[in-house]
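In: please find the sequence and the predicted model below.
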Amino acid sequence: MDDDTARVIELKQMVRQFSEDRNWDQFHNAKDLVIGIVTEASELLEIFRFKSEAEVNELFRDEISAKRIRDELADVFYFALRLAQKYNIDVSSSLKEKIEQNAEKYPVDKAKGSNKKYTELGP
């Protein structure tokens with residue numbers, strides 16, 4: 001399975017099965033799943049902390065570092081998918097809706113090439 005062939009529903013079923021096989025439903029309430037997302041995201045962030053752009057690029061070229069990045073990203077994704085699976089969140093429609101909202105907040109003519117928050121873009 002890869003990004004070209006995977007379907008979100010299959011990924012949700014995979015994390016559900018993995019968790020249920022281990023009787024982890026009892027630990028997977030919304031609060032704890034969100035804590036898992038933040039914890040794993042922090043572990044991913046730690047890899048990049050205090051690194052220059054050149055050092056970050058080297059991380060992706062080094063197989064051991066690249067594997068660590070993939071593993072931590074997968075952990076974040078696991079918890080996000082598990083939250084969506086447990087609480088019936090349609091991530092595809094949620095993402096589409098959020099992109100549409102952000103398109104209004106960040107119109108191309110004001111936001112292109114800028115890293116300013118939408119509240120700083122002006123009228």
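Out: Cool, the structure landed.
In: next SSE downstream of the helix or strand harbouring Lys67?
Out: In the assignment (DSSP states H and E), Lys67 maps to helix 63-86. For helix 63-86, the following helix or strand on the C-terminal side (DSSP H and E) is helix 91-105.
In: give me the contact list for that following helix.
Out: 8, 80-81, 84, 118 (Cβ atoms under 8 Å, 6 or more residues apart in numbering). Quick note: C-beta positions are derived from backbone N, CA and C, even for glycine.
In: redo that, cut-off 10 Å
Out: Residues outside helix 91-105 that contact it (Cβ atoms under 10 Å, 6 or more residues apart in numbering) are 7-9, 11-12, 80-81, 83-85, 90, 111, 117-119, 121.
In: where does this structure dip in pLDDT?
Out: Scanning the chain for pLDDT under 70 picks out nothing.
In: contact partners for the residue nearest the centre of the chain?
Out: What sits nearest the mean C-alpha location of the chain, by Cα atoms, centre = their mean, is Phe77, with 5.1 Å. By Cβ under 10 Å, 6+ apart, the contact set of Phe77 is 11, 15, 37, 40.
In: only alpha carbons, please: show stretch 66-75 as PDB.
Out: Extracted in PDB, the C-alpha atoms of stretch 66-75 (Å, rounded to 0.1, in the frame of the first residue of the first chain):
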ATOM      1  CA  ALA A  66      15.100   9.800   7.100                       C
ATOM      2  CA  LYS A  67      13.700   6.600   8.600                       C
ATOM      3  CA  ARG A  68      13.300   8.300  12.000                       C
ATOM      4  CA  ILE A  69      11.500  11.200  10.400                       C
ATOM      5  CA  ARG A  70       9.100   8.800   8.500                       C
ATOM      6  CA  ASP A  71       8.500   6.800  11.800                       C
ATOM      7  CA  GLU A  72       7.600   9.900  13.800                       C
ATOM      8  CA  LEU A  73       5.400  11.300  11.000                       C
ATOM      9  CA  ALA A  74       3.700   7.900  10.800                       C
ATOM     10  CA  ASP A  75       3.100   8.100  14.600                       C
END
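In: what sits up against it?
Out: 36-37, 39-48, 56, 58-60, 62.
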